[in-house]
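Visitor: With the input below, show me the fold.
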Amino acid sequence: MMDDFGFPKSAGTFRFRAETRIVRRLLGGMERSGTVLDLGSGVGFWAEEFARSFSLVVAVEGSSALYQTLEERCAPYSNVTTLQGDVLSFEPTGVYDLVFLGGLLMYLDENAVIDLLQKLIPHLGSNGIILCRESTVQGKTVTRSGDYPVVYRTVDDYKRIFKQCGLLLNHVERNKPYVVMQMGCELIKIWKRVIPEPFWALQIIGRLMYGAIRVAAPLIQSIVRVFGFLFPNLENHFFVLGIEKGA
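Guide: Okay, here's the model as predicted:
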């Protein structure tokens with residue numbers, strides 16, 4: 001993303017640190033002596049974050065390339081168990097205090113999402129939660145195929161799916177650090193469509209755009225709300241899910 005849009009490398013670090021603060025707040029009152037299941041761990045940024053505060057982290061990743069980086073990143077942490085395999089065929093064991101799905105559901109069709117969530121529910125502790133960090137879309141759900149098959153669902157669609165699974169939606173929160181960067185991405189895409197490629201100058205325009213968005217994001221969002229624009233089209237939300245007591 002940084003190269004395609006000309007943003008500085010520090011932009012990704014800034015976003016992750018800001019998202020980390022949100023997650024820490026969302027998990028603020030949670031008992032940290034238990035186990036975290038991180039499904040679809042990617043290169044392990046979140047697994048590493050959870051390893052610093054939970055007793056045990058089980059990180060599952062299907063991609064061979066990503067798994068290698070996950071293993072290397074988590075090697076210093078004796079409380080992290082890494083597993084390579086398809087998250088859909090992964091069979092949970094034991095009880096988890098936290099199940100983290102960090103951008104996994106967008107790659108699954110609705111039936112697969114429901115099957116996965118229903119498989120996880122029996123393995124949640126009495127006060128356990130499922131924390132989803134998912135890309136969302138304004139307007140209507142968008143399904144894309146081809147080289148990058150993905151389903152960008154609306155917040156309402158996710159609420160419906162969670163309810164169908166028997167999960168309680170305890171909290172939903174817009175991922176503001178993600179949204180700020182996405183605003184920059186969508187503006188750069190417009191720049192690329194309007195300006196001939198030889199004049200893109202992404203290393204300059206990307207940095208300027210990112211800096212401006214960081215400062216002006218609240219004002220821009222206020223303006224687009226007044227005029228009813230759906231900008232940025234792609235967003236991201238945190239969903240904190242629990243189960244009925246006695247379920």
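Visitor: Report the contact partners of the closest residue to Arg144 other than its chain neighbours.
Guide: What sits nearest to Arg144 in space, not counting adjacent residues and going by CB to CB, 6 or more residues apart in numbering, is Val150, at 5.2 Å. Glycine gets a C-beta too; all of them are placed from N, C-alpha and C. Listed by CB atoms under 8 Å, 6 or more residues apart in numbering, the contact set of Val150 reads Met106, Tyr107, Ser135, Thr143, Arg144.
Visitor: what are the phi and psi angles of Val150?
Guide: When quoted as degrees, to the nearest 10, the phi and psi of Val150 stand at phi -160, psi 150.
Visitor: biggest separation within the contacts of Val150, which pair?
Guide: For the contacts of Val150, the maximum inter-member distance is 12.9 Å, found between Ser135 and Thr143 (CB to CB).
Visitor: Overlap of the contact sets of these two?
Guide: With the criterion set as CB under 8 Å, 6+ apart, the overlap between the contacts of Ser135 and Thr143 is Val150, Tyr152.
Visitor: For these two, indicate the residue with more neighbours.
Guide: Between Ser135 and Thr143, counted using other CB atoms under 10 Å, Ser135 has the larger neighbour count: 18 against 10.
Visitor: Specify the local secondary structure of the more buried one.
Guide: Using DSSP: H, G, I helix; E, B strand; the rest coil, the structure places Ser135 in strand.
Visitor: thinking it is in contact with Gly103, fair?
Guide: Yes - Ser135 lies in contact with Gly103 (CB atoms under 8 Å); the separation is 6.5 Å.
Visitor: before we move on, back to that, can you tell me which of the contacts of Val150 is closest to Thr69?
Guide: Sorting the contacts of Val150 by how near they are to Thr69, with CB to CB, puts Tyr107 at the top with 18.5 Å.
Visitor: Could you check how far the nearest residue to the closest one once chain neighbours are set aside is from Asp86?
Guide: Nearest non-adjacent residue to Tyr107, counting by CB to CB, 6+ apart: Val150, 6.0 Å away. In this structure, Val150 and Asp86 are 17 Å apart, going by CB to CB, to the nearest Å.
Visitor: what's the answer for Ser222, then?
Guide: Between Ser222 and Asp86 the distance, using CB to CB, works out to 43 Å.
Visitor: Repeat that for Ile204.
Guide: 42 Å.
Visitor: Next: Ile129.
Guide: Taken as CB to CB, the span from Ile129 to Asp86 is 24 Å.
Visitor: Could you check which of these two has the larger neighbour count?
Guide: Just comparing Ile129 and Asp86: by other CB under 10 Å the higher neighbour count belongs to Ile129, 24 against 9.
Visitor: would you say the more buried one is within a helix?
Guide: No - counting by three-state DSSP, Ile129 is not found in a helix; it is strand.
Visitor: if I look at it, how far off is Arg225?
Guide: Applying CB to CB, the value for Ile129 to Arg225 is 30 Å.
Visitor: pLDDT wise, what is the residue nearest to Arg144 at?
Guide: Confidence at Val150, expressed as pLDDT, is 96.
Visitor: same question, Glu48
Guide: At Glu48 the predicted local confidence, pLDDT, stands at 97.
Visitor: In contact with it, which residues?
Guide: Applying CB under 8 Å, 6+ apart to Glu48 gives the contacts Arg73, Cys74, Tyr77, Val80.
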